[in-house]
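Participant: generate a structure from the sequence data that follows.
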Amino acid sequence: MARYTGPKTKISRKFGEPIFGDDKSFEKRNYPPGQHGNNRRRSKKSEYAVQLMEKQKAKYTYGILERQFRNLFEKASRSKGVTGEVLLQLCESRLDNVVYRLGISRSRSGARQLVSHRHITVNGEIVNIPSYSVRAGDVIGVREKSKSLQVIAHALESHAAVYEWLSWNSATMEGTYVNVPERLQIPENIKEQLIVELYSK
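Facilitator: Next comes the predicted model:
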């Protein structure tokens with residue numbers, strides 16, 4: 001199972017925002033990494049560099065590696081609708097991301113682990129593929145044996161965000177993927193048009 005396992009705060013500092021979630025280390029040093037991070041006068045980035053940074057940011061945010069991200073882009077470019085918007089919608093519909101959005105886990109990497117360790121069900125069936133594409137109407141739940149896990153209980157207690165395209169039933173510990181989110185509903189600070197321009201070269 002391929003995933004990014006390198007330093008997270010360093011990557012967040014590179015992009016200037018905590019893309020992996022709450023990070024105390026980032027808050028202390030929210031300037032670029034490196035010996036001269038705070039003083040460096042950045043030369044003007046080329047158009048390609050800006051586009052590449054945006055693609056890297058999206059990949060790190062959703063925890064997707066290059067080949068998988070490229071495949072998502074090709075799928076988005078073949079479908080109807082605005083390619084950049086469809087790309088983000090495909091990222092949002094990944095099972096690990098939906099588990100994270102529902103508040104079952106505090107981070108996407110934690111959600112990925114819950115899925116791969118068979119703690120999550122889709123429509124009553126255990127699914128252990130983090131990249132599984134959730135469809136409108138699907139019910140995502142916590143497996144019966146896993147409902148007592150402390151890590152899940154703590155995540156749900158501290159979860160405050162509410163998303164219009166998801167509904168959650170705390171009594172049954174199940175959530176419904178009501179519909180595909182519109183671009184305006186997706187809170188991630190990603191300029192998807194730059195990614196489309198990069199891949200279209």
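
Participant: number of residues surrounding the nearest residue to residue 142 once chain neighbours are set aside?
Facilitator: Spatially, and ignoring its direct neighbours in sequence, residue 142 is nearest to residue 173 (4.5 Å; C-beta to C-beta, 6 or more residues apart in numbering). All C-beta spots, glycine's among them, are computed from the backbone N, C-alpha and C. Neighbours of residue 173 under the rule other C-beta atoms under 10 Å: 19.

Participant: surely residue 173 and residue 146 touch.
Facilitator: No. Look at residue 173 against residue 146 with C-beta atoms under 8 Å: they stay out of range, at 9.0 Å.

Participant: shared neighbours, those two?
Facilitator: residue 152 (C-beta atoms under 8 Å, 6 or more residues apart in numbering).

Participant: find the centremost residue of this structure, please.
Facilitator: residue 62 (3.0 Å; C-alpha atoms, centre = their mean).

Participant: my guess is it contacts residue 91. True?
Facilitator: Yes. Counting by C-beta under 8 Å, residue 62 sits close enough to residue 91 to count as a contact (4.6 Å).

Participant: what's the overlap in contacts for those two?
Facilitator: Common neighbours of residue 62 and residue 91 are listed as residue 97 (criterion: C-beta under 8 Å, 6+ apart).

Participant: on that earlier part again, contacts only, for the residue nearest to residue 142.
Facilitator: Applying C-beta under 8 Å, 6+ apart, the residues near residue 173 are 141-142, 147, 152, 156.

Participant: pull up the per-residue confidence for it.
Facilitator: Looking at residue 173, its pLDDT reads 95.

Participant: would you mind measuring from it to residue 144?
Facilitator: In this view, residue 173 and residue 144 are 9 Å apart by C-beta to C-beta, to the nearest Å.

Participant: so how far is residue 46 from the residue lying closest to residue 156 once chain neighbours are set aside?
Facilitator: Take residue 156 and drop its neighbours on the chain: the residue closest to it by C-beta to C-beta, 6+ apart is residue 103, 5.4 Å away. Using C-beta to C-beta, residue 103 is found at 40 Å from residue 46.

Participant: residue 90 too?
Facilitator: 28 Å.

Participant: ok, now residue 137?
Facilitator: Taken as C-beta to C-beta, the span from residue 137 to residue 46 is 44 Å.

Participant: same question, residue 144
Facilitator: From residue 144 to residue 46 the distance is 54 Å (C-beta to C-beta).

Participant: ok, back up a step: who's in contact with the residue nearest to residue 156?
Facilitator: Neighbours of residue 103 in contact, by C-beta under 8 Å, 6+ apart: 155-156, 159, 161, 168.

Participant: repeat the analysis, applying 10 Å as the threshold.
Facilitator: 111, 152, 155-163, 166, 168, 170, 175 (C-beta atoms under 10 Å, 6 or more residues apart in numbering).

Participant: can you count the residues close to residue 45?
Facilitator: Counted with other C-beta under 10 Å, residue 45 comes out at 11.

Participant: lovely, talk soon.
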